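>>> Predicted model and sequence follow; I will ask about them next.
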Amino acid sequence: MSKILIVEDEPNMRLGLKDNLEFEGYEVNLAEDGETGLKHILEGNYSLVLLDVMLPKISGYDICKIVRKSGNDIPIILLTAKGEEIDKVLGLELGADDYVTKPFSLRELLARIKAVLRRAEERSEVKNKDFIKIGRVEVNFSSYNAFENGNAVQMSHKEFEILSFLWSRKNSTVSRDDLLTNVWGYDENPTTRTVDNFILKLRQKVEKDFNHPQIILTVHGIGYKLID
Ligand code: CA
């Protein structure tokens, strides 16, 4: 169930929204000023925030700015008042996902909440599908990219293929012969020593301490096991 935070200083608006959203099946928490709201956003685990713009202590815009600067991509819908038209653009520039203008109908708000939640879900699916975290690096097996803390890591095509194969069999033992057959194919004639050399190179990239591997383990006499 999606958990929504409402940051709104007008009691009627705050409580009315809470009732309606709970009726729709959302779990709802409330904050009545900017400071409390910001604290909730940064510490809580919310699916979405309904954020009033004009708030005591910290404005909705400033909250947006601070939240995005901290790297938090929680979906935010701004609640703006009539006459704040120009500020909507500013709100979106500061990282809000959408806005509704008071007075708004419940139906409109619900539609926007659903749309924003759906987009956020798609975003996180794409993110998860594209990059896989293996030890120190994040790798994308379809585009052959690897990063460590946002910096590109150089990996050869063969290293990607070996890592990808180990990943596809993660947490189970893969023999050297399996690797030779699946990564090199029958046409090439590498030795098992070649496999071991590639594993060493991979360990230097993924392991925290490649002398004491925690990710790509040696299974003595057989091969390797990638731990996830
Ligand atoms: Ca207000």
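Everything's here; your move. Numbers count the residues shown, from 1 in each chain.
>>> Which residue of the protein lies farthest from its centroid?
Going by Cα atoms, centre = their mean, the residue of the chain most distant from its centre is Asn189, 41.4 Å out.
>>> Kindly state the pLDDT recorded for that one?
In this model, Asn189 is scored at 72, pLDDT.
>>> which residues of this structure fall in helices?
Assigned by DSSP state H, the chain shows helices spanning 11-23, 34-43, 60-69, 85-93, 106-130, 157-168, 176-179, 192-206.
>>> Contact partners for the closest residue to the ion within the chain?
Nearest residue of the chain to the ion: Met54, at 4.0 Å (Cβ to the ion). (Glycine included, C-beta is placed from N, CA and C.) By Cβ atoms under 8 Å, 6 or more residues apart in numbering, Met54 lies in contact with 9, 60, 81.
>>> For it, give its distance to Thr194.
66 Å (Cβ to Cβ, to the nearest Å).
>>> next one: Arg169
Arg169 is 19 Å from Thr194, by Cβ to Cβ.
>>> now do Met13
Noted for Met13: a distance of 68 Å to Thr194, by Cβ to Cβ.
>>> Could you do Thr218 as well?
Counting by Cβ to Cβ, the separation of Thr218 from Thr194 is 16 Å.
>>> quick one: contacts for Glu32?
Neighbouring residues of Glu32 by Cβ under 8 Å, 6+ apart: 7-9, 11, 14, 56.
>>> Out of those residues, who's the most crowded?
Val7 (27 neighbours; other Cβ atoms under 10 Å).
>>> partners of that residue in the sheet?
Ala31, Leu51 (DSSP bridges).
>>> Next up, phi/psi of the closest residue to Val206 other than its chain neighbours, please.
Once flanking residues are discounted, Val206 sits nearest to Gly135: 3.4 Å by Cβ to Cβ, 6 or more residues apart in numbering. Backbone dihedrals for Gly135, given as degrees, to the nearest 10, come out at phi 60, psi -130.
>>> got the residues of the protein near the ion?
Within the chain, the positions lying close to the ion (Cβ under 5 Å from the ion) are 9, 52, 54.
>>> How many neighbouring residues does the second one have?
This means Asp52. Burial of Asp52 is recorded as 25 neighbouring residues (other Cβ under 10 Å).
>>> What count of nearby residues applies to the residue nearest to Gly91 when sequence neighbours are not counted?
Nearest residue to Gly91, sequence neighbours excluded (Cβ to Cβ, 6+ apart): Leu78, at 4.6 Å. For Leu78, the tally of surrounding residues (other Cβ under 10 Å) stands at 26.
>>> which ones are touching Leu78?
Leu78 sits in contact with 51-53, 60, 64, 88, 91, 96, 98-100, where contact means Cβ under 8 Å, 6+ apart.
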